[in-house]
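Peer 1: coords below, sequence missing:
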């Protein structure tokens, strides 16, 4: 039987793909063999899915990680189902709520003579995938695999989710990585929280600081979510937006505020040319104009000189801001700069050696890894 590591979370967008990237990269550097996959596909935006057949379906996250790490296609494990409303509805109507064929396929893919580590990324939470018989606790039990939980840390109330995971997974829980910890909270978490969790029989393998870069969203993604008209610089859709600013104050106050921000999306009224021009002279990745009116030609010309996209939306300012705020931290790692940073973040802050020891996978990592 091959070695298996399940990577799960208590809520979506907690950093599972970043963890897959970091662990797989380190193993490949050590000349170990790695296969990666998702039992349930959750991201197929770039995939041409033929009808309702899932044969050979590779989740886009898996494709991106495979491409980034130069993992051979034969070592990308196919998903056996798609986590979407149509598929779930079909299973409910057919009363088809057991693992069945899907689990048999996963078991056949990973329980063989492969001399390496199978890294499987579970769905977004502990319960997600139960309709398919492929939730994280079910996979851990049926595959006899250990689980690494990546948990977003907000405050001490975040421990509730870890205690629930421990209760559901029991001995299958290898340990956890705390992600998204504010810089000013790092020492407290390391010196006070981790020892307390150890007393609760929850081992913490690492603490990763909150990263504006990994939470960032591309201009192209904002265009899609806002259904925006791109007025200029459409080729700059891969620019990364890390912060949001609302241009609703006087121009002098706005200029001072903008100077303190970096990689902004600035939302302002289409009639506020003064704010728009001020934003262009700061660290602005895109201008988003709301309300009636069109931008002046001098604004468009300056934006083109500075290569800053201008977007025009039909929404009001409040709705626009809500959509953008929802996007931060809720997008996939599908950019090479994010992938490189995620790998660095994991390898610098997570004890990979201890994780692999916990699942009895042979490795020759140094104590620092």
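Peer 2: Great, that's in hand. All of these numbers come straight from a predicted model, not from anything done at the bench.

Peer 1: does residue 207 lie in a helix or a strand, and which?
Peer 2: In the assignment (DSSP states H and E), residue 207 maps to strand 204-209.

Peer 1: list of residues touching that strand?
Peer 2: With contact meaning CB atoms under 8 Å, 6 or more residues apart in numbering, strand 204-209 is reached by 15, 18, 148, 153, 175-183, 186, 189-190, 193-194, 197-198, 345-346, 349-352, 354-355. C-beta: built from backbone N, CA, C; applies to glycine.

Peer 1: again with stretch 335-349
Peer 2: Residues contacting stretch 335-349 (CB under 8 Å, 6+ apart): 17-19, 21-23, 25-26, 64-65, 68, 206-209, 211, 213-214, 216, 218, 238, 240, 333, 352, 369.

Peer 1: ok, of these, which come out buried?
Peer 2: 17-19, 21-23, 25-26, 64-65, 68, 206-209, 211, 214, 216, 218, 240, 333, 352, 369 (16 or more other CB atoms under 10 Å).

Peer 1: which ones are touching residue 302?
Peer 2: 277, 280.

Peer 1: repeat that with 6 Å
Peer 2: residue 280 (CB atoms under 6 Å, 6 or more residues apart in numbering).

Peer 1: how far is the helix or strand where it lies from where the chain is centred?
Peer 2: Here residue 302 sits within helix 297-306, counting by DSSP H and E. Centroid displacement of helix 297-306 relative to its chain, using CA atoms, centre = their mean, to the nearest Å, is 34 Å.

Peer 1: list the buried residues for it?
Peer 2: Those would be 299-300, 302-303, for helix 297-306 by 16+ other CB under 10 Å.

Peer 1: could you single out the nearest of the residues you listed to residue 162?
Peer 2: Using CB to CB, residue 303 comes nearest to residue 162 of the buried residues of helix 297-306, at 46.6 Å.

Peer 1: touching, that closest one and residue 310? I think so.
Peer 2: Yes: counting by CB atoms under 6 Å, residue 303 touches residue 310, with 5.2 Å between them.

Peer 1: find residues that contact each of these two.
Peer 2: Joint contacts of residue 303 and residue 310 (CB under 6 Å, 6+ apart) are residue 232.

Peer 1: domains of the protein?
Peer 2: 3-213+332-358, 217-327 (automatic domain parsing).

Peer 1: looking at these, which is nearest to residue 364?
Peer 2: With CB to CB as the measure, domain 3-213+332-358 is the member of the domains of the chain nearest residue 364 (6.6 Å).

Peer 1: quick one: mean pLDDT for that closest one?
Peer 2: Averaging pLDDT along domain 3-213+332-358 gives 88.

Peer 1: what is the burial count for residue 344?
Peer 2: Applying other CB atoms under 10 Å, we find 13 residues neighbouring residue 344.

Peer 1: ok so, going back, among the contacts of stretch 335-349, name the ones in strands.
Peer 2: Of those, the ones assigned to strands by DSSP state E are 206-209, 218, 240.

Peer 1: please name the nearest non-neighbouring residue to residue 18.
Peer 2: Computed as CB to CB, 6 or more residues apart in numbering, the closest residue to residue 18 that is not its neighbour in sequence is residue 342, at 3.8 Å.

Peer 1: wait, a strand at that neighbour?
Peer 2: No: assessed with DSSP: H, G, I helix; E, B strand; the rest coil, residue 342 is helix; it does not lie in a strand.

Peer 1: and it, how many neighbours does it have?
Peer 2: Quick note: residue 342 (other CB under 10 Å) scores 25 neighbours.

Peer 1: I'd like the distance between it and residue 17.
Peer 2: 8 Å (CB to CB, to the nearest Å).

Peer 1: where do the contact lists of the two overlap?
Peer 2: residue 333.

Peer 1: residue 348: neighbour count?
Peer 2: 12.

Peer 1: would you mind giving the orientation angle of the helix or strand hosting it with respect to strand 204-209?
Peer 2: Using DSSP H and E, residue 348 sits within helix 336-349. Put simply, helix 336-349 runs at 130 degrees to strand 204-209, going by axes from the mean of the first three to the mean of the last three CA atoms, to 10 degrees.

Peer 1: what's next to stretch 18-27, contact-wise?
Peer 2: 7, 34, 36, 65, 69, 119, 121, 150, 339, 342-343, 346-347, 352.

Peer 1: now with 7 Å, please.
Peer 2: Contact with stretch 18-27 is made by 7, 34, 36, 65, 68-69, 117, 119, 121, 148, 150, 177, 214, 333, 339, 342-343, 345-347, 350, 352, 369, as judged by CB atoms under 7 Å, 6 or more residues apart in numbering.

Peer 1: thanks a lot, catch you later.
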